[in-house]
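Student: I'll drop the sequence and a predicted model, then ask my questions.
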Amino acid sequence: DYSGATPEKEPTRYLTYGFAGWTPAKKATIDESGDQEYRATFDAGSTRYYTVSWLMDDGELIDKSHLEYDQMPTHADPTKASTALYSYDFAGWTPAISAVKGDAEYKATFNAIHRQYEITYVLYDDVKNVVRYEAEAAVATPATPTRTGYTFAGWSTEVPATMPAADMECVAQWTINQYDITWKNADGTTLTTTKVNYNETPSYTGETPTKAATAEYTYTFDDWTPAIAAVSADATYTATYTQTKKSYTLTWNLDGGTITTAGTAAGSVEWGTSLIAPVVEKTGYTFSKWDVEIPATIPAENKTFNAVWFENVEVTIIGHSSSSTYTGSEQTVEGYDVAIPEGSTYTADKIQFNGSASVSKTDAGTYAMGLKAGDFTNKDNDGYVVTFKVTDGSLTIGKKAVSFKGKAASETYTGSLISNAEFTE
């Protein structure tokens, strides 16, 4: 009986062999034939497998594969947990994967990627700036933010010099701006000055502004200009006023006259109203003018206008007349008489005569002196309206009776006409 180790057959790259027995079949006893020889036999062989080990980069076993010779190993890409500083992307296996030729180990390799984190700069409301940095990277100092109506006062969290391995938020801190609001009167004088926060609507809290009346107007506070609005800068508001025209007393002093056509009614009249003088009359007088010029509108003062009247005077001029008998010589009549109505203050010395008040004739007849109203004018035009009623003077020379006596004469007839033209008065 065989008592040695189980026979083995060297495996090939592809197959392994198992002991199958002896050939020829082993006899139970040794017979007379003598020595015996037995040959170990093996089975036809089975597929040979190789172990492929898959390892992490730190050597930790991921998995094992059992593959036939010359088979190409494959494995899903492994992942490596991120750290605070890095994330990892699978880069491949080392050594490079090749067909199985024997047991093998493959180690995963990774690309380390710096992780990025965000700094969120919250400026105001929904206005934000988000900046990404790799962990441990230098952080740029952010530009000083601006906000209408506010002054930047720093960040709620100090901006780091290098990026930490975490997101962070920095909130801008703001101080609201205050602006000077100046309230002025219409003449430019300052009533008061207040400070008002940005975007607040200012309100005047002082005494109601006033404006002195002028000769023409009184003033009532109305509002401010420009229109009051929410504050965005220093501002000046000026009081505005409603002006009301003043009224003045108008008097027409007619001095005994009456109004025939109405003008601007006397009494309380608003300044600037058109001023129209009435048409007036007075018995025995002619209206001359008002004592002062009538302006186009009511002036800024009480005003009395006095009618100036000129006395109506009818002066009667009666030329001298004369009647006489023919004398054969030149005869003359001259001069005139002046008659002024009783009670009038007009005097004859105020009369200017510009004609001739005489007539001279020789022959018989009636001759007009030639006086006319146009020959007379009033030398003094202040206070009188003078008309002249003229009765012309005349010179009448009557005929004289004359007797004529013929002169007797005797002549010897000669056959020609004989005449005697001599006579005596």
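Tutor: Received it, and whenever you're ready, just let me know what you need.
Student: pLDDT score assigned to residue 296?
Tutor: Looking at residue 296, its pLDDT stands at 96.
Student: Surely it touches residue 274?
Tutor: Yes. Using CB atoms under 8 Å, residue 296 is in contact with residue 274, at 6.8 Å. Just so you know, the C-beta spots here come from the backbone N, C-alpha and C atoms, and that holds for glycine as well.
Student: Can you tell me, leaving aside adjacent residues, what's nearest to the residue nearest the centre of the chain?
Tutor: Closest residue to the average C-alpha location of the chain: residue 226 at 9.7 Å, with CA atoms, centre = their mean. Of all residues not flanking residue 226 in the chain, residue 237 sits nearest, at 7.1 Å (CB to CB, 6 or more residues apart in numbering).
Student: quick one: contacts for residue 78?
Tutor: By CB atoms under 8 Å, 6 or more residues apart in numbering, the residues touching residue 78 are 54, 56, 62, 90, 108.
Student: got it, and residue 95?
Tutor: Counted by CB under 8 Å, 6+ apart, residue 95 has contacts residue 106.
Student: now the one 3 residues further on
Tutor: Contact criterion CB under 8 Å, 6+ apart gives residue 72 as the residues in contact with residue 98.
Student: Confirm it sits in a strand?
Tutor: No. Read with DSSP: H, G, I helix; E, B strand; the rest coil, residue 98 is coil and lies in no strand.
Student: Distance check, it against residue 59.
Tutor: Using CB to CB, to the nearest Å, we find residue 98 at a distance of 21 Å from residue 59.
Student: ok, now how distant is residue 137 from residue 163?
Tutor: According to CB to CB, residue 137 stands 5 Å off from residue 163.
Student: higher neighbour count, those two?
Tutor: The residue with more neighbours, out of residue 137 and residue 163, is residue 163; 23 against 13, by other CB atoms under 10 Å.
Student: that's a helix at residue 374, yeah?
Tutor: Yes. Counting by three-state DSSP, residue 374 is located in a helix.
Student: any idea of the pLDDT on it?
Tutor: Reported pLDDT for residue 374: 94.
Student: so how many other residues sit close to it?
Tutor: Using other CB under 10 Å, residue 374 has 10 other residues around it.
Student: Please give me every residue in contact with it.
Tutor: Residues near residue 374 by CB under 8 Å, 6+ apart: residue 355.
Student: which stretch of helix or strand covers residue 304?
Tutor: strand 303-319 (DSSP states H and E).
Student: if I look at residue 293, how far off is residue 215?
Tutor: Here the criterion is CB to CB. By it, residue 293 lies 19 Å from residue 215.
Student: if you count what's nearby, which of those two comes out ahead?
Tutor: residue 215 (10 against 7).
Student: Leaving out chain neighbours, which residue sits closest to the more buried one?
Tutor: Once flanking residues are discounted, residue 215 sits nearest to residue 300: 3.5 Å by CB to CB, 6+ apart.
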